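1. The amino acid sequence is not available; the structure is as follows:
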C-alpha cells in the first residue's frame with residue numbers, strides 16, 4: 001500500500017502444550033529476524049483473559065499468562081477488533097481464539113489498520129476482515145495539533161513570561177520590603193501584598209516544574225528501548241477513533257465523515273444562543289434536610 005510492503009504469517013495453533021510451545025519458539029525466532037512490517041493472524045487456540053470466554057469451565061490462568069507472555073516476547077501487539085466479542089463457538093461455549101497481531105514496524109506504515117469480526121456462518125469460527133485506511137486525514141490533524149501547541153507555547157510565554165525570573169524578582173522584593181519594615185519605612189499592607197505575589201509566582205513555578213518532570217519521564221525515561229516506542233505506537237493505534245454516532249443516530253466509519261461530523265457538531269455547539277440558568281430560589285433550599293446535631297452520638301460497627 002502506497003509503496004510499502006509487509007510480511008504476513010497465518011496461524012493454526014495446535015491444542016497441546018508442546019504444539020503451542022513449538023509454534024511460539026518459531027514465531028519468536030522469526031520476530032528476531034524481522035525488520036519489515038509483519039502481521040500474524042489466525043486461530044491461536046488460546047485466549048488472553050477471562051473476558052474472552054463465555055460459558056463452560058473457568059479458563060486456565062497459567063495458559064492465558066503464557067499466551068500473553070509469548071505475544072510480548074515476540075514483540076507483537078493485538079490490533080483489537082470491531083463486531084462480536086467471540087470468534088469460535090461450540091454448544092454454549094464462546095471464545096476469542098482468532099486474532100490479528102502486528103509488530104511495531106507495522107504501525108510506521110499502516111497505523112489505521114482495523115479488524116472486524118464478521119457473521120458466523122458455515123463454520124465454528126468467524127471470518128475476520130482486516131482493512132487498512134489511508135492516513136492523510138490523521139496527518140492533517142497531527143499538523144493542526146503541532147500548530148496549536150506552538151500557539152499555546154507562544155501564549156504561555158507572552159502571558160506568564162519567564163516564571164523562574166519572576167519568582168526571583170518577587171523574592172527580592174519581599175526581602176527588600178522586610179528590611180524597610182524593620183526601619184519603619186514601609187506599611188505592613190505593602191509587605192503582605194508582596195508576599196502574596198511571591199507565593200503566587202512559586203505556585204506557577206511548581207506547576208511548570210511538575211509538567212516538565214512528567215514530560216521528561218515520558219520522553220527520556222525509556223528513550224532507548226524498542227518496546228517503549230512500539231508501545232507508544234500501539235497506544236496511538238488504540239486511541240484512534242474507528243467510528244462515531246452522529247446526532248441522527250447513524251454510525252459513521254469513514255474518516256472524512258467522522259472529521260466533518262465532529263467539526264459540524266462543535267460549530268453548532270459554539271454558535272448556539274447562550275441561555276443563562278434559572279437562579280435557585282431560597283425557598284427551594286428549605287426542602288434540604290438539616291444535618292445531624294453535633295451533640296448526637298453515632299454507633300460505628
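-> Thanks, I have it. If you're wondering where the values come from, they're calculated on a predicted model, not measured in any experiment.

2. how about low-confidence regions in the stretch 201-301 of the chain?
-> Scanning the stretch 201-301 of the chain for pLDDT under 70 picks out 210-234, 236-237, 274-301.

3. So residue 174, which state does it fall into?
-> helix (DSSP: H, G, I helix; E, B strand; the rest coil).

4. Could you check how far stretch 168-180 is from the centre of its chain?
-> 45 Å (Cα atoms, centre = their mean, to the nearest Å).

5. any idea how far the residue nearest to the spatial centre of the chain lies from residue 179?
-> In the chain, the centroid-proximal residue (Cα atoms, centre = their mean) is residue 239; its distance is 5.5 Å. Distance, residue 239 to residue 179, using Cβ to Cβ, to the nearest Å: 55 Å. C-beta here means a position set from N, CA and C on the backbone, and glycine is covered the same way.

6. Same check on residue 267?
-> 58 Å.

7. before we move on, what about residue 42?
-> For residue 42 relative to residue 179 (Cβ to Cβ), the value is 79 Å.

8. Show me which of the two is the more surrounded one.
-> Between residue 42 and residue 179, counted using other Cβ atoms under 10 Å, the more crowded position is residue 42 (17 against 11).

9. So the more buried one, which state does it fall into?
-> Per three-state DSSP, residue 42 ends up strand.

10. what does the model give it for pLDDT?
-> On pLDDT, residue 42 comes in at 94.

11. Kindly state the domain boundaries assigned to the protein.
-> 6-134, 138-240 (automatic domain parsing).

12. Of those, which stretch is the most buried?
-> Most buried of the domains of the chain by mean neighbour count (mean count of other Cβ atoms under 10 Å) is domain 6-134; its value is a mean of 16.

13. from the middle of its chain, how far away would that domain be?
-> 22 Å.

14. Likewise for stretch 122-138?
-> Per Cα atoms, centre = their mean, the centroid offset for stretch 122-138 relative to its chain is 22 Å.

15. Give me the contacts around that stretch.
-> 1-2, 39, 41, 43, 79, 81, 84, 86-90, 97-100, 110-120, 240, 255-256, 259 (Cβ atoms under 8 Å, 6 or more residues apart in numbering).

16. mind listing which of those residues are in strands?
-> Residues from those lying in strands, with DSSP state E as the criterion: 39, 41, 43, 88-90, 98-100, 113-117.

17. State the helix or strand in which residue 207 lies.
-> helix 188-220 (DSSP states H and E).

18. ditto for residue 63
-> With DSSP H and E as the test, residue 63 turns up in helix 61-73.

19. do residue 151 as well
-> Residue-wise, residue 151 maps onto helix 136-160 under DSSP H and E.

20. Wasn't residue 122 part of a strand?
-> No - using three-state DSSP, the secondary structure at residue 122 is coil, not a strand.

21. I'd like to know how far it sits from residue 272.
-> 51 Å.

22. What of residue 187?
-> Distance from residue 187 to residue 272, by Cβ to Cβ: 50 Å.

23. and what of residue 55?
-> For residue 55, the distance to residue 272 equals 49 Å [Cβ to Cβ].

24. Equivalent analysis for residue 78, please.
-> 41 Å.

25. Kindly report the same for residue 70.
-> 53 Å.

26. Okay then, goodbye and thanks.
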